[in-house]
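K.L.:
could you work out the structure for the sequence below:
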Amino acid sequence: MYLAKVFIQLKPTVNDPQGQTIRAGLRQLGFASVDSVRAGKYMEIRLDEPAEKMATEKVREMCEKLLANPIIEDYRFELELISAD
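P.N.:
Next up, the predicted model:
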């Protein structure tokens, strides 16, 4: 069994209104040194796959078909072998 930790973020060229709102809020709270914020998504997905290569292929396919919008978002993921509970 594998645990996929998926990180999805807007591409650097895409405007991030949520990040701008968070930045403004932090600055209003006195965190003047905050220069920029980029917001993203984080997911954990457990996969019952026999091999790391298969798990990697499945997670990549999930990201490209549903989890990330490849036009405006980049993604990366980490796989961790876990025991089946």
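K.L.:
from residue 19, how far out is the residue lying closest to residue 22 once chain neighbours are set aside?
P.N.:
Nearest-residue entry for residue 22: residue 37, 4.6 Å, with adjacent residues in sequence omitted and distances by Cβ to Cβ, 6 or more residues apart in numbering. C-beta here means a position set from N, CA and C on the backbone, and glycine is covered the same way. Between residue 37 and residue 19 the computed distance is 4 Å (Cβ to Cβ, to the nearest Å).
K.L.:
and the residue nearest to residue 22, what pLDDT?
P.N.:
As predicted, residue 37 sits at a pLDDT of 97.
K.L.:
also residue 7?
P.N.:
With respect to pLDDT, residue 7 has a value of 98.
K.L.:
now do residue 84
P.N.:
Reported pLDDT for residue 84: 70.
K.L.:
identify the residues contacting it.
P.N.:
1, 48 (Cβ atoms under 8 Å, 6 or more residues apart in numbering).
K.L.:
let me know the secondary structure of it.
P.N.:
Following DSSP: H, G, I helix; E, B strand; the rest coil, the label given to residue 84 is coil.
K.L.:
helix, strand, or coil at the residue nearest to residue 22?
P.N.:
When classified by three-state DSSP, residue 37 comes out as coil.
K.L.:
what does residue 19 give?
P.N.:
Assignment for residue 19 (three-state DSSP): helix.
K.L.:
grab the nearest non-local neighbour of residue 75.
P.N.:
Closest residue in space to residue 75, ignoring its immediate chain neighbours: residue 68 at 4.2 Å, by Cβ to Cβ, 6+ apart.
K.L.:
my error: substitute residue 36 in the last question.
P.N.:
Among residues not flanking residue 36 along the chain, residue 23 sits closest, at 6.1 Å (Cβ to Cβ, 6+ apart).
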